[in-house]
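Trainee: predicted model and sequence follow; I will ask about them next.
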Amino acid sequence: MSFEIMVSAFRNEGSFYFPVAELSRRFSTHAEVDHDGTWKLRFEEGPCLARVYVEEGESVRGFTVGRPPDYLAFWDIIGGILRDLPCALYWPSTKYRACMGSLDLRPHLPPDFVKTFGIPFVCTDGAKIRQYVHENS
């Protein structure tokens, strides 16, 4: 079974677009574009089946990671994105949980997002985000 996480950017209760170059820079040492346009992730710690799905274009409103790895380097990248961009991390689960980097994002989240996921857990620490996702999946 495959597991996915999603990261979306928000501003004023709607989508916010940020440069795909910002995302590419953060994953630069761990990603290569595959023949199907996805980013295949690789880490020194071991094998990795993860893929990043990014909309085509110069700006994106978010991305999806299929089969996110347990490697801390990956979760540190996610923590940095949550810290520096107006993004929330969420995933399908029976518990519907989410994570954001700062409470400053809260007023920008759409009401239906908050209704579904509740107030997201606030964290930018990769290890703690990884633990939170594992505990709530």
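Mentor: It's in. Numbering: from 1, shown residues only.
Trainee: residues touching the residue nearest to residue 32 when sequence neighbours are not counted, list them.
Mentor: Sequence neighbours aside, residue 40 is the residue nearest to residue 32 in space, at 5.5 Å (criterion: Cβ to Cβ, 6 or more residues apart in numbering). (Glycine included, C-beta is placed from N, CA and C.) Applying Cβ atoms under 8 Å, 6 or more residues apart in numbering to residue 40 gives the contacts 31-34, 50-51.
Trainee: out of those residues, which are buried?
Mentor: 31, 50-51 (16 or more other Cβ atoms under 10 Å).
Trainee: what about this structure, any weak spots by pLDDT?
Mentor: In the predicted model, the chain carries pLDDT under 70 at residues 1-2.
Trainee: can you pull out the strands in this protein?
Mentor: With strands called from DSSP state E, the chain shows them at 4-11, 14-15, 18-19, 31-33, 39-41, 51-54, 59-60, 62-66, 87-90, 98-100, 121-122.
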